[in-house]
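Participant: Next one to model:
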Amino acid sequence: MSSVSALQDKCQAAGISLQDTVLAVWGRVIHELTSSEQPAFGVYHTGRSAAFEGGDALDGPGVNVLPMRLPAVEGVSVREVARLLQVEMGRRTKFEQTRLRDIVSWTLDEERKGPLFNA
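Facilitator: Residues are numbered from 1 along each chain as shown. Down below sits the predicted model:
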């Protein structure tokens with residue numbers, strides 16, 4: 001447990017969250033395993049951060065998994081990727097209640113072929 005606390009302290013000192021650091025490292029692993037320039041994977045969201053009508057009366061979990069496509073990670077430090085993710089995670093709040101089929105329809109174009117996630 002002390003190693004987790006030490007990592008949290010380092011993240012806090014760098015001004016980034018532990019979650020964003022773990023996602024940045026995971027993105028690096030996916031990059032190495034898939035050779036993808038922009039690794040993509042699903043990120044779990046509780047769905048409780050977004051303000052939407054009737055949200056306060058919601059019974060049960062509001063869980064969603066949204067795709068996260070990282071910027072090119074080759075040659076970029078984990079700290080810098082974590083900072084970019086921190087900004088992106090804040091921007092994603094309004095999409096926490098979005099259906100995956102809507103996200104797919106927004107991202108499909110003639111240039112992008114293949115799956116939404118590569119991990």
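
Participant: Now do the helices in this protein.
Facilitator: Residue ranges of the helices in the chain, as given by DSSP state H, are 2-14, 18-34, 78-92, 100-107.

Participant: mind listing what's buried in the longest one?
Facilitator: Residues D20, T21, L23, A24, W26, G27, R28, I30, H31 are the ones in helix 18-34 that count as buried (16 or more other Cβ atoms under 10 Å). C-beta coordinates here come from the backbone N, C-alpha and C atoms, glycine included.

Participant: Name the residues linked to the closest residue to the fifth one other than its chain neighbours by a beta bridge.
Facilitator: Of all residues beyond its chain neighbours, the one nearest W26 is F41 (6.8 Å), with distances taken as Cβ to Cβ, 6 or more residues apart in numbering. When bridges are taken as DSSP bridges, the partners of F41 come out as M68.

Participant: Check the gap between F41 and G90 for me.
Facilitator: 19 Å (Cβ to Cβ, to the nearest Å).

Participant: which one of those two has more residues nearby?
Facilitator: The neighbour comparison of F41 against G90 (other Cβ atoms under 10 Å) goes to F41, with 19 against 10.

Participant: if we look at the least confident helix or strand in the chain by mean pLDDT, which residues are touching it?
Facilitator: Scoring the helices and strands of the chain by mean pLDDT, DSSP states H and E places helix 100-107 at the bottom, with a mean of 74. Here helix 100-107 makes contact (Cβ atoms under 8 Å, 6 or more residues apart in numbering) with V65, L66, P67, F95, L116.
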